[in-house]
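[1] Okay, here's the prediction I keep looking at, along with the sequence it came from:
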Amino acid sequence: MSDLDLKEQPHTRLNILTGEWILVSPHRTKRPWQGKVETVPSNERPSYDPKCYLCPGNTRADGTVNPHYTDSFVFVNDYSALLEDTPGGSLNIQGLLEAKSEKGICKVISFSPDHSLTLPTLSLATIVKVIELWREEFKGLADDPTIKHIQIFENKGEIMGASNPHPHGQIWAQGSLPLEIVKETNQQKKYFEQKGRSLLGDYWVLEVEQKDRMVLENEHFVALVPFWAVWPYETMIISKRHIRTIVEFTPEEDGALADILKRLTAKYDNLFEISFPYSAGIHQSPVNDGEHPEWHWHMHFYPPLLRSATVKKFMVGYEMLANPQRDVTAEWAAEKLRTLSEIHFKETKQ
């Protein structure tokens with residue numbers, strides 16, 4: 001038994017995926033949600049918006065006309081952060097000013113032709129089609145030997161920088177490994193070499209046993225608040241099977257992931273009865289970079305809201321200059337999420 005009181009004492013927690021530490025100060029607020037908790041009118045949108053760049057048949061900013069698609073739709077981002085035809089080049093001045101060119105490709109995936117929907121209000125069948133398209137795009141991008149990392153993600157809500165409310169996500173593929181992937185690779189590799197097992201495979205089993213930070217579970221996935229969570233309602237989805245990439249998913253796992261995505265995002269929306277903003281992304285093994293048997297598929301959700309529909313948690317001061325800090329514990333956040341209904345609030349009001 002530990003003599004550390006996680007509910008009362010200031011302490012640091014290790015992020016086993018990055019090797020970094022977070023400061024937790026639970027004593028600072030015994031009743032963390034004492035501030036006003038308000039709801040705001042839900043962001044009702046039409047099924048079709050003639051001004052939306054992602055709706056079927058509409059003209060995008062670069063003049064391209066969208067097809068009249070009926071399921072998910074993918075295209076190369078009109079304003080990509082990475083370009084396929086970037087010429088090679090580098091800069092190094094006395095080891096102090098260093099840069100190198102980066103090639104890649106950025107794609108946009110419209111989850112549905114219906115402008116009014118979001119992930120928790122999509123049907124399970126539609127979410128499965130999104131997952132299938134993620135896999136198809138991952139495989140196609142990985143066929144390019146110059147690509148090393150493929151990042152599938154979604155920014156939802158204006159507060160997270162989403163430029164369009166239409167339900168959509170992005171895929172960025174690049175020729176180098178980003179910092180977070182390098183850190184997670186190193187930590188997982190170290191554990192795998194020591195134990196001969198997956199780091200996250202052992203971790204999710206422990207979380208299921210302890211129950212304190214669990215939010216959802218089905219046959220193939222768990223959703224939990226990580227022990228080291230930074231954002232107030234941060235969660236992570238982990239595959240129960242040791243899978244390196246989405247390419248290895250079975251049809252049953254596709255359906256199970258769709259199930260847990262819909263249930264988790266419904267809980268988020270129900271928290272303040274709004275379309276809950278977040279940045280979410282899939283982390284999986286690098287490609288064209290060796291076997292990476294240590295890698296275990298997982299998905300991060302980073303929601304910014306703290307006390308209400310309008311109060312965002314900012315990373316400022318100590319967090320920017322030292323390391324992440326939070327007052328509410330992962331256990332408290334998980335309990336809050338567990339108690340929320342999985343039936344979307346809009347459905348209960350119909």
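    Ah, there it is. Numbering: from 1, shown residues only.
[2] Just give the number of residues close to residue 259.
    Per other Cβ atoms under 10 Å, the neighbour tally for residue 259 reads 19. Glycine gets a C-beta too; all of them are placed from N, C-alpha and C.
[3] Correct me if wrong: it contacts residue 124.
    Yes. If you go by Cβ atoms under 8 Å, residue 259 and residue 124 touch, sitting 6.4 Å apart.
[4] As a check, name the ranges of all helices in the stretch 251-350 of the chain.
    Counting by DSSP state H, counting those that start in this stretch, one finds helices in the stretch 251-350 of the chain at the ranges 251-272, 318-321, 330-339, 345-348.
[5] Among those helices, which comes closest to residue 90?
    Closest to residue 90 of those is helix 318-321 (Cβ to Cβ; 30.0 Å).
[6] What residues of that closest one count as buried?
    Neighbour counts over helix 318-321 (16 or more other Cβ atoms under 10 Å) mark residue 319 as buried.
[7] Skip the chain neighbours and tell me the closest residue to residue 10.
    residue 25 (4.9 Å; Cβ to Cβ, 6 or more residues apart in numbering).
[8] thought the one you found was touching residue 329?
    No. Applying Cβ under 8 Å as the test, residue 25 and residue 329 come out as separate, 9.6 Å apart.
[9] what about those two, which has more around it?
    Ranked by neighbour count (other Cβ under 10 Å), residue 25 and residue 329 place residue 329 first, with 22 against 14.
[10] how far away is the more buried one from residue 268?
    Residue 329 is 19 Å from residue 268, where distance means Cβ to Cβ, to the nearest Å.
[11] part of a helix, is residue 164?
    No. Applying DSSP: H, G, I helix; E, B strand; the rest coil, one finds residue 164 to be coil, outside a helix.
[12] dump the residue contacts of it.
    Residues in contact with residue 164 (Cβ atoms under 8 Å, 6 or more residues apart in numbering) are 52, 53, 54.
[13] Can you tell me which of those are classed as buried?
    52, 53, 54.
[14] Can you get me a residue count around residue 247?
    Here the number of neighbours of residue 247 (other Cβ under 10 Å) works out to 16.
[15] For residue 308, see how far away it is.
    Distance from residue 247 to residue 308, by Cβ to Cβ: 41 Å.
[16] repeat for residue 232
    With distances taken as Cβ to Cβ, residue 232 is found 11 Å from residue 308.
[17] between the two, which one's more packed in?
    Per other Cβ under 10 Å, whichever of residue 232 and residue 308 has more neighbours is residue 232, with 25 against 17.
[18] my read: that one touches residue 306, true?
    Yes. Taking Cβ under 8 Å as the definition, residue 232 is a contact partner of residue 306 at 5.0 Å.
[19] Find the residues that touch each one of the two.
    Both residue 232 and residue 306 are in contact with residue 313, where contact means Cβ under 8 Å, 6+ apart.
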